[in-house]
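Undergrad: sequence and predicted model, in that order:
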4 protein chains.
Amino acid sequence: MQAIIKQAAKKLEPQLIEWRRDFHRHPETGWTEFRTAGKVAARLQELGYTVKIGPEAVTAADMMGVPPADQLARHMERAVAQGADAALIKGMTGGLTGVVADLICGEGPTVAVRFDMDANDIDEVQDLSHLPRREGFASVNPGAMHACGHDGHVAIGLGVAEILAGLKSQLRGSVRLIFEPGEEGSRGARAMVSAGAVTGVDYILGGHIGFQAQKTGQLICATGKFLATTKYDVTYTGRPAHAGAAPEEGRNALLAAATAALNLHAISRHGQGATRITVGMLVAGQGRNIIPANALYKMETRGETSEIDEYMAAEARRIIVAAAQMYGVEYDMIQVGGTKSGESSPDMRDRVRQIAAGMDFFEDIVDYAAFGATEDYSHFMSVVQQNGGSGTYFMIGADLAAGHHNNHFDFDEAVLAPGVELTALAVAELLR
Amino acid sequence: MQAIIKQAAKKLEPQLIEWRRDFHRHPETGWTEFRTAGKVAARLQELGYTVKIGPEAVTAADMMGVPPADQLARHMERAVAQGADAALIKGMTGGLTGVVADLICGEGPTVAVRFDMDANDIDEVQDLSHLPRREGFASVNPGAMHACGHDGHVAIGLGVAEILAGLKSQLRGSVRLIFEPGEEGSRGARAMVSAGAVTGVDYILGGHIGFQAQKTGQLICATGKFLATTKYDVTYTGRPAHAGAAPEEGRNALLAAATAALNLHAISRHGQGATRITVGMLVAGQGRNIIPANALYKMETRGETSEIDEYMAAEARRIIVAAAQMYGVEYDMIQVGGTKSGESSPDMRDRVRQIAAGMDFFEDIVDYAAFGATEDYSHFMSVVQQNGGSGTYFMIGADLAAGHHNNHFDFDEAVLAPGVELTALAVAELLR
Amino acid sequence: MQAIIKQAAKKLEPQLIEWRRDFHRHPETGWTEFRTAGKVAARLQELGYTVKIGPEAVTAADMMGVPPADQLARHMERAVAQGADAALIKGMTGGLTGVVADLICGEGPTVAVRFDMDANDIDEVQDLSHLPRREGFASVNPGAMHACGHDGHVAIGLGVAEILAGLKSQLRGSVRLIFEPGEEGSRGARAMVSAGAVTGVDYILGGHIGFQAQKTGQLICATGKFLATTKYDVTYTGRPAHAGAAPEEGRNALLAAATAALNLHAISRHGQGATRITVGMLVAGQGRNIIPANALYKMETRGETSEIDEYMAAEARRIIVAAAQMYGVEYDMIQVGGTKSGESSPDMRDRVRQIAAGMDFFEDIVDYAAFGATEDYSHFMSVVQQNGGSGTYFMIGADLAAGHHNNHFDFDEAVLAPGVELTALAVAELLR
Amino acid sequence: MQAIIKQAAKKLEPQLIEWRRDFHRHPETGWTEFRTAGKVAARLQELGYTVKIGPEAVTAADMMGVPPADQLARHMERAVAQGADAALIKGMTGGLTGVVADLICGEGPTVAVRFDMDANDIDEVQDLSHLPRREGFASVNPGAMHACGHDGHVAIGLGVAEILAGLKSQLRGSVRLIFEPGEEGSRGARAMVSAGAVTGVDYILGGHIGFQAQKTGQLICATGKFLATTKYDVTYTGRPAHAGAAPEEGRNALLAAATAALNLHAISRHGQGATRITVGMLVAGQGRNIIPANALYKMETRGETSEIDEYMAAEARRIIVAAAQMYGVEYDMIQVGGTKSGESSPDMRDRVRQIAAGMDFFEDIVDYAAFGATEDYSHFMSVVQQNGGSGTYFMIGADLAAGHHNNHFDFDEAVLAPGVELTALAVAELLR
């Protein structure tokens, strides 16, 4: 089977590049992946997968950080204008752009693979030193750019889907492909888990192009120390007043936010592991001589474990509310992101290493890397592990034109086919 | 009548000095004026006044800043040891050391005079340059000293009482003498007003030796701009924890208090008049490496009017509570002092000026001074005025050895007899 | 002379209204009053005044809160497009839009009158209930509106100039007309005083339509309790860092600004008079998960006297700098506004009252009002008084469509002619 | 040699217990260990060691957290009264109570052992359930108690000294015994290292009774994750002022300290490892209505590595100074403690395990424990390691009556002889 998969992946390479470039050219940010998800869903249906979209894939009540309705509507129109199947994506109204696809191949375990689809809120650089620009596939959507490689992930996902569909008769168990919207900002996993994306899953795989593996030919088999995170947008609403004539009539939202910011940063360290707290943005007030009646701030906590992050988030919530009470202002606190911590399973790490060693592409195979940051994948993986399953997150090394989230970002497309091969092999192995 | 009063005051002078020195030698701080109040009550009974003490003079529930019970008991014992009538002062158990005495002289208005009795929490200087030490009447009570002249006020009160009792048949109306405990810290007036001290009063007089009138021969007829004030003691109780091993288990009372202190001082100014806010003392924590589980702070607000002070106090209470909530600590907030703002009545000012001009003692008679600080008398006066009465607060100039509340404080005893004369004349005039 | 002036003012009324509507239609905000100042300067030259503009009227180094150069250039072009004399206003390049005009009428005192010219940063309401819209003279300049009546003040100024020029032979002394730019935000007076606007002035007059006098027929002869003020824009520049991976590498400008805001508001009250402190706006940071490297805030202090305001401003400067040091960030602190406190002179108040009483327009003449806020006029007046002169600030009551600085603001044009009459009479009286 | 040492240790047991009880009865807190150090020095001289005390053992300029001179003098007198050799301890004047003793046994490596001598600032419980009380060796020094087992460490040190002196002819190299004062609060190591205590040392050993090894028979061979720490006492001195009359004249030390406390706790986390920050105590102000002119706080930082702690300490110093500048108060910042991080060397861990396995006392031998807190020993060890040497820190399990630093603390004396045996064996092994 190994040889068949290798050959199939090789043959798919031009198609993979074409897909990747198409997605790169039409980047869609979190919860607006109408065109991407539409293309993915249509293709998976063609391949014989049972495809769930809309409320079957995403629980609306658990979506975080969703753009306003008018913006969703505009992006949906754009998706149609850029070739999406209007009838199909109608089912994604409201930003329910997740896709879950099952290929049931008889009795056996269920193996899930997660692919993330969203682009970044970045304007892609437009000079000719940038390969996507030179080759004509730079972003045509202002304010959006695939600067994290998710375009490649989706292409790999479609490649894996095709190969596994072709092997259906040889597999025992089920393949579940999860195409996640809103990975950036840790917004998508919770709502897909709620809708059942990992229910019944025994093994889960996920990966990323680049990150700690920054050279083509490198592979990191397992990643851990994913920090859990919780993200809130907070608004305070006070009462304006003339700062000279009647300051006592005001309710000062700016000072409430300033006090919150200081005291949030003073949340106690935790004896059991690393924590983070950041108020990254604060905007308050309207004029120099008016008691500021409005304030908005964006903050996040992180923790080495989900428990530690929950300690941080609980402290933060208490402070956010108390700062409002201290200044007699109204508050609105919305969770706009959040994910669990994670650690890959050693058994899966070993499997990936063994498979990679058997391929002739990877020259530098590393067992493990500590991530020390956040990936929404860890939410899926930790739920699978809690239910008795196991999982891993690998990093496929690729030469990069610039760092992730940089407007010059680009990766070596030579890694697409090996990515497909590695992933398909890992799934097939588990379903033998 | 003027001549009679002048002569009587003159004759009383040695007695006034003796009284003053006796009270000076036995100073008693707020709510522990057992000996002083006992002496006063006994003398007023002898003079034929109807005397109220204990719960009839002071409403226990409205007393503020009362020392702990064991301290009260010790001071009561000391008072007996220093010559107080044990049977009489038993009625003052619990620190109810106010005295209210009425002399009813037929139909007519009621004229009240307030005298304050308490000493300061100061150790009197013990060197021979200090007259009370040289003359043998320096404080024998450690930690207590009459450094504000209240000893002189009580002596004047007894002198006025004696003269008016002698004129009883010539007066029409009622004399009410109010001897107030706990003036320092604005603690006594509220509880005496609750017990009825100024009920039915048409005119009220009060005064002070010194303050803005710092030379013998000076008189300020009326004082205003008494600031209202509210005083709280606040304690926070958190949870200790090892600062290295498990800081997250602590509840940090020190940071709660620090946040409260900062935000209290940031209470908005008031467009309608002056305000003050002070956290004057803060003690928190027990060791360098333990999350501090305890904090105590002493604070006060002031306002140009009672309404403005109430604005400040309401803001303060909200902040005090919210700071506790912010750090998840328990709070205890006790009002330990508070008084209303005040402004003397012009009609009373004019009366005092006219009387003073008719005496041959005052060489420099000033209409008015703005106080800009707090005197618990303003609480009595503002209630009288609210009920349609009028009042004033005069300052009897006296050469001073040192400023008020200084441990070298002493005043020229030559002002005692003129003080009696002025006060008795003002009352008699109103009851003619 | 009184009759002549009354008649002349009456005759000017249609012209006054035309002028006012022209200025209303073409509002120009602080330091961009090119068209207004150009029209004023041209007219005063025609009337025979010696006119100073540009550096002769305004010292560039003392201008505060000046818009960026490109904005000044754009507004200068707009002024020409809207009819300004391009050659004349070239002399105002850089925003030097003040005008000082002298009419020398032989030996005698110098009497100055101040008129302010700038509009507010407000979009004028465009519905037909609003008279300027209905009558076709609503603002044609987006983002600018005469919502404080300065359009009326300039019209009155031109009327006064015309009448006094006609009386030249009957006057003894000098008339000085000061047309001030950038009154809003207290930005213009300092730079005009530096350039000599009130040098040699013995009497100064200024006034305002509306404010405390909100009905046509009312007049307040003198105003006092102008608060002194100082205004700063502060920026902090730190160092960004990834909030998850390496927060210790950041320099947090947001927290520096939050600490500054809190501690600024905690500046101690002043025992000698009212103070104000406001941080009215704060913007910091760029993204949730980046240590914020930038912060901007706009703040101001006020004081009952110039000394008290200087106490506040000195405290503020120390805190602003120390907060930067606390977080290791760079700071930039620019004074963008500031004026002195003020109190009208009683002799001038009496003069104005007497003149007003002799006119047949004012039905309700009030001696005095406390302003309790800031007017840049007080800067001019206090310098005149310091040099031994005297001055007053009157308020000409007018029925208002809405409050000052409201986008529905409009005033009763019936007050223009009486305004001219009152002012011209006051000047003429002093130069008789 | 193993058998000889075992036998010698066994024989010493009664003496070890006697020593331990003598030291327990006469506890001496940091830098006042005159009697203890005197007894140790005298005994080591008898045994033939070259003994350094006073400035030869401790560099005065690097001592941290030294008590005031009068207290040192009093404790020195007490030491003499309790049997210390007055002539000998004179050399320790100023609290230079460290002892360094060398036994030179020809060519070979130098092996150091560190023993800490100081007691805790605790009153020992005085009820009969407490063995030291029942057996008559409870503390006779008020405010001091050996509640951390250092009495046992000193006894072990004397036992080790005696056994190694007896084996002198069989050893090749040098023994260096370091008796450290002021371990509590991390105060002693720096000043001993400065004086050369570990200069030329190739191997270093240290240990503790109890801590993570809380049962007799347990042994932890190596300890790591000692946190580095830095400790400051900070005082702020402002200017008092009457809070009602002239608050602006004050310089508020309480608010400076409150701001410092909050902002210290807000120091950013570090991406490379754990940090701690604690302001454990704060005392400020004198009276409710006086602007507080004094503040004192005690704080500490910790870091997973010395570098991380130095980051924390540098941040802290900047904040401490800036908070003083913000409020215009003077500051005094004294380092009163501090030590480096540490990690035992694997080679030494293995040696200790092997030796322990060869004894018949330890039933439960554990390789390693993470300390997660601070021990001044890590300062000595990290310097030795930096110079190319190696070291370890073992924990000798003992049944405890109560936790460390509890006033009921007591340990099973059965561990003393095995402690001597283990330590002497480890040294002898290295010097064979």
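TA: That came in fine, so what should we check first? Residues are numbered from 1 along each chain as shown, chains lettered A, B, ... in the order given.
Undergrad: doesn't residue A:418 make contact with residue A:362?
TA: Yes - using Cβ atoms under 8 Å, residue A:362 makes contact with residue A:418 at a distance of 7.3 Å. C-beta here means a position set from N, CA and C on the backbone, and glycine is covered the same way.
Undergrad: got a list of what residue A:155 touches?
TA: If a contact means Cβ atoms under 8 Å, 6 or more residues apart in numbering or on different chains, then residue A:155 has A:16-17, A:19-20, A:23, A:416 as its contacts.
Undergrad: ok, those vs residue C:332, which is closest?
TA: residue A:23 (44.0 Å; Cβ to Cβ).
Undergrad: please report the distance of the closest one from residue A:181.
TA: When Cβ to Cβ, to the nearest Å is applied, the distance between residue A:23 and residue A:181 equals 13 Å.
Undergrad: any idea which residue of chain A is furthest from its center?
TA: residue A:245 (50.7 Å; Cα atoms, centre = their mean).
Undergrad: angles on the backbone of the residue nearest to that one when sequence neighbours are not counted, please.
TA: In space, residue A:245 comes closest to residue B:271 once its chain neighbours are excluded; the distance is 5.3 Å by Cβ to Cβ, 6 or more residues apart in numbering or on different chains. Note on residue B:271: its backbone torsions stand at phi -70, psi -20 [degrees, to the nearest 10].
Undergrad: do the one 10 residues further on as well
TA: With angles defined as degrees, to the nearest 10, residue B:281 shows backbone torsions of phi -150, psi 140.
Undergrad: same question for residue A:156.
TA: In this entry, residue A:156 is assigned phi and psi values of phi -60, psi -40 (degrees, to the nearest 10).
Undergrad: surely it meets residue A:422?
TA: No - Residue A:156 sits out of contact with residue A:422 when judged by Cβ under 8 Å, with a separation of 9.2 Å.
Undergrad: so between the two, which is more surrounded?
TA: Neighbours were tallied for residue A:156 and for residue A:422 using other Cβ atoms under 10 Å in any protein chain shown; the higher tally belongs to residue A:156 (31 against 28).
Undergrad: who's in contact with the more buried one?
TA: By Cβ under 8 Å, 6+ apart, the residues touching residue A:156 are A:16, A:115, A:416, A:419-420, A:423.
Undergrad: of residue A:23 and residue A:181, which one has the most company?
TA: residue A:181 (30 against 26).
Undergrad: leaving out the residues flanking it, which one is nearest to the more buried one?
TA: Closest to residue A:181 by Cβ to Cβ, 6+ apart is residue A:97, at 4.1 Å.
Undergrad: neighbours of that neighbour, how many?
TA: 37.
Undergrad: next one: phi and psi at it?
TA: Comment: the main-chain dihedrals of residue A:97 come out as phi -100, psi 20, following degrees, to the nearest 10.
Undergrad: these two touch, right, it and residue A:29?
TA: No - shown here, residue A:97 and residue A:29 do not form a contact pair, counting by Cβ under 8 Å, at 10.6 Å.
Undergrad: picking up where we left off before, the residue nearest to residue A:181: what's it in contact with?
TA: A:28, A:31-34, A:36-37, A:58, A:117, A:181-182.
Undergrad: strands - which of those land there?
TA: Using DSSP state E, no member of the contacts of residue A:97 sits in strands.
Undergrad: out of the residues you listed, which is most surrounded?
TA: Result: residue A:33 is most packed of those (other Cβ under 10 Å), 34 neighbours.
Undergrad: for it, give its distance to chain B.
TA: Per Cβ to the nearest Cβ, to the nearest Å, residue A:33 is found 38 Å from chain B.
Undergrad: which residue ranges of the stretch 51-200 of chain A form strands?
TA: For the stretch 51-200 of chain A, the strands identified by DSSP state E, counting those that start in this stretch occupy A:99-105, A:110-116, A:173-180, in order along the chain.
Undergrad: distance from the chain centre to stretch A:245-263, please.
TA: When distances are taken as Cα atoms, centre = their mean, to the nearest Å, stretch A:245-263 is centred 36 Å away from the chain's centroid.
Undergrad: using CSV, list the CA coordinates for it.
TA: The C-alpha coordinates for stretch A:245-263 follow below in CSV (Å, rounded to 0.1, in the frame of the first residue of the first chain):
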residue,chain,number,x,y,z
ALA,A,245,-18.0,72.0,34.8
ALA,A,246,-19.4,68.8,36.2
PRO,A,247,-16.8,66.0,36.3
GLU,A,248,-18.6,64.3,39.1
GLU,A,249,-21.5,63.5,36.8
GLY,A,250,-19.4,61.3,34.6
ARG,A,251,-18.8,57.6,34.8
ASN,A,252,-15.2,57.1,33.7
ALA,A,253,-14.8,54.1,31.4
LEU,A,254,-11.2,55.0,30.6
LEU,A,255,-10.1,54.7,34.2
ALA,A,256,-12.0,51.5,34.6
ALA,A,257,-10.2,50.0,31.7
ALA,A,258,-6.8,51.4,32.9
THR,A,259,-7.4,49.8,36.3
ALA,A,260,-8.5,46.6,34.7
ALA,A,261,-5.4,46.5,32.5
LEU,A,262,-3.0,47.0,35.4
ASN,A,263,-4.7,44.5,37.7
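Undergrad: skipping its backbone neighbours, what lies nearest residue A:410 in space?
TA: Spatial nearest neighbour of residue A:410, chain neighbours left out: residue A:401 (3.8 Å); criterion: Cβ to Cβ, 6+ apart.
Undergrad: does the residue farthest from the centre of chain A count as helix, strand or coil?
TA: Using DSSP: H, G, I helix; E, B strand; the rest coil, the three-state assignment for residue A:245 comes out as coil.
Undergrad: phi first, then psi, for it.
TA: Reported as degrees, to the nearest 10, the phi and psi values for residue A:245 are phi -80, psi -40.
Undergrad: the most centrally placed residue in chain A - nearest residue in space that isn't next to it in sequence?
TA: Centroid-nearest residue in chain A, with Cα atoms, centre = their mean: residue A:183, separated by 1.6 Å. Counting by Cβ to Cβ, 6+ apart, the nearest residue to residue A:183 once its immediate chain neighbours are dropped is residue A:116, at 3.7 Å.
Undergrad: in stretch A:86-98, which residues are buried?
TA: A:88-89, A:91-92, A:94-98 (16 or more other Cβ atoms under 10 Å in any protein chain shown).
Undergrad: and the residues you listed as TSV, adding pLDDT?
TA: Listed next are the buried residues of stretch A:86-98 as TSV, based on pLDDT from 0 to 100:
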residue	pLDDT
A:88	96
A:89	96
A:91	96
A:92	97
A:94	96
A:95	97
A:96	98
A:97	98
A:98	98
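Undergrad: what is the nearest of those to residue A:317?
TA: residue A:95 (25.5 Å).
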